[in-house]
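Q: Generate a structure from the sequence data that follows.
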Amino acid sequence: MRWALIAAFSMCLAISSAVRANGDACSHCDGIADWFERVYCVQQCLSEGREAPPSLPHDPSDDDAVATPQPAPMPDCTRFDTARLSPGARDLFDFACAHELTYQLDFNSRSWTYWELGWYLIDEDGTVPLIRSGYEVALYRRLKYRLMNREVMQRLRREEVFTEALHAMTEVLRGPNGTEQVSVSVPAALLTAHNVTRLVARPEHWLVDFPRTPAGQVRSADDLAFPILMDLTGTQSVDAYPTVYQYAGWRTDLPLARDLTEVFYGRPGVFQFFGEANRADDGSRPSHWNGGMHYYFWIGALGHWLSESVFTSLYGFYGVEAAKAYEYLQKGLAGETERASVQIGLGFDQGAALAYDLFNALLELRSAYPPMIR
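A: This is a model prediction of the structure:
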């Protein structure tokens, strides 16, 4: 039945891709060279009702990796009047100006297809190709620092994890002297947040038969997030602190010994705790439900980003809805309908809303201050 659901989901994605059909509607957008500008033109065309549903611009080729750009010097952003910007665009502008960086609307490089990314989001712990951004360890170090100093640190809200991912990426890209101008890929930041929050949401998977996953896939140093798994299993620390596995063994306030999920997502954890997690009724602890609400948030964010940037919101909507239906049916068949409704409603849907706001804020910023968007 599981594979039937996966096949159904794949069919929905295929249909949503095929709907990018022929026709001359919104044809005035075809001459725009920049792909994201064409997407924006199509969306404006639809919203203004000038023409019928359009033929969409082609998405970036899945056959060619996107080359890492060489950012040009950015003008003095401190002189720009941000009063004209919406709050979301202003926050992005202020962060970029303060850290002397620019944003990219696509992945800076990739050797995988968007189709493979969709499969990966469905079944990250299965036997699918691993998709990493390369910044996972840097973000994990930042989260681990907060864990080791939790007495003086605030819990992280989910949108703050995105900011932490931007910080981590900037540190890596900046270079050892910390002076190089950098261009940060926004979808790569979303992917980084997803990968790390998902790994630490279910660390018991890695403790059973490390380095083999429950699905039988063996993780190795080829996995760019492998140092995180080494830290979670107590094999080797990613930094000067003890491993999280060792740290959990010293804690006396955990429901179970070495309860790593509780360490990150429980009441004394690193991440925001949602009261709805106390509705856990399937044998899992509230911390597990809470972790699900966090990493489902990033599944929703990435899914919606793909719907905006690859299919455009009109047609990608079907792929996103198919993903939600798949997750709900999968958990429903396992008797976890309550968990599904909580994780989708408070996780997936809210992550999609974040990505929607983020995408539009970046397009606004690109129009108002082009040098900040690459």
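
Q: Please spell out which residues along stretch 112-126 are buried.
A: Neighbour counts using 16 or more other C-beta atoms under 10 Å place 112, 114, 116-122, 124 of stretch 112-126 among the buried residues. Yep, even glycine has a C-beta here, placed from its N, CA and C like the rest.

Q: no, scratch that, I was asking about stretch 356-372
A: 356-366, 368-369, 372.

Q: which residues touch the nearest residue to residue 305 once chain neighbours are set aside?
A: Sequence neighbours aside, residue 355 is the residue nearest to residue 305 in space, at 4.6 Å (criterion: C-beta to C-beta, 6 or more residues apart in numbering). Counting by C-beta atoms under 8 Å, 6 or more residues apart in numbering, residue 355 touches 190, 300-305, 308.

Q: One more: residue 270?
A: Counted by C-beta under 8 Å, 6+ apart, residue 270 has contacts 143, 146-147, 150, 153, 155-156, 263-264.

Q: Residue ranges of each domain in the chain, please.
A: Domain segmentation of the chain under automatic domain parsing yields 26-58, 74-372.

Q: just those: most buried one?
A: Ranked by mean neighbour count under mean count of other C-beta atoms under 10 Å, the domains of the chain are led by domain 74-372, which reaches a mean of 18.

Q: to the chain's geometric centre, what's the distance from it?
A: 5 Å (C-alpha atoms, centre = their mean, to the nearest Å).

Q: Now that we have the contacts of residue 355, can you turn them into TSV and tack on distance to residue 97, secondary structure and pLDDT?
A: Listed next are those as TSV, based on distance: C-beta to C-beta, whole Å; DSSP: H, G, I helix; E, B strand; the rest coil; pLDDT from 0 to 100:
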residue	distance to residue 97	secondary structure	pLDDT
190	21	helix	96
300	29	helix	89
301	24	helix	92
302	26	helix	89
303	30	helix	84
304	26	helix	84
305	23	helix	85
308	24	helix	71
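
Q: Return the member of those residues nearest to residue 339.
A: residue 300 (15.6 Å; C-beta to C-beta).

Q: Could I get the contacting residues of the closest residue to that closest one other than its chain neighbours?
A: Spatial nearest neighbour of residue 300, chain neighbours left out: residue 351 (3.2 Å); criterion: C-beta to C-beta, 6+ apart. Going by C-beta under 8 Å, 6+ apart, residue 351 touches 158, 296-304.

Q: Check the gap between residue 351 and residue 235 for me.
A: Using C-beta to C-beta, to the nearest Å, residue 351 is found at 31 Å from residue 235.

Q: Mind jotting down where the strands sit in this protein?
A: Here the chain has its strands, by DSSP state E, at 101-104, 182-185.

Q: what residue ranges in the chain score low on pLDDT?
A: For the chain, applying pLDDT under 70 flags the ranges 1-74, 124-127, 179, 281-283, 309-324, 326-328, 330-336.

Q: Can you name the residues that contact the residue nearest the centre of it?
A: Centroid-nearest residue in the chain: residue 190, 2.8 Å away (criterion: C-alpha atoms, centre = their mean). Shown in contact with residue 190 (C-beta under 8 Å, 6+ apart): 162, 165, 298, 301-302, 305, 355.

Q: Closest to residue 205 out of the residues you listed?
A: If you rank the contacts of residue 190 by distance to residue 205 using C-beta to C-beta, residue 298 comes first, at 17.4 Å.

Q: Setting aside sequence neighbours, what's the nearest residue to the closest one?
A: residue 194 is the one closest to residue 298 (C-beta to C-beta, 6+ apart), at 3.5 Å.

Q: ok, now residue 293?
A: Spatial nearest neighbour of residue 293, excluding adjacent residues (C-beta to C-beta, 6+ apart): residue 347 at 4.3 Å.

Q: correct me, but the one you found touches residue 291?
A: No: with contacts counted by C-beta atoms under 8 Å, residue 347 stays clear of residue 291, the gap being 9.9 Å.

Q: returning to what we had before: next, format the contacts of residue 351 as JSON lines and append distance to residue 136.
A: Shown next, in JSON lines, are these (distance: C-beta to C-beta, whole Å):
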{"residue": "158", "distance to residue 136": "17"}
{"residue": "296", "distance to residue 136": "18"}
{"residue": "297", "distance to residue 136": "17"}
{"residue": "298", "distance to residue 136": "12"}
{"residue": "299", "distance to residue 136": "16"}
{"residue": "300", "distance to residue 136": "19"}
{"residue": "301", "distance to residue 136": "16"}
{"residue": "302", "distance to residue 136": "14"}
{"residue": "303", "distance to residue 136": "19"}
{"residue": "304", "distance to residue 136": "21"}
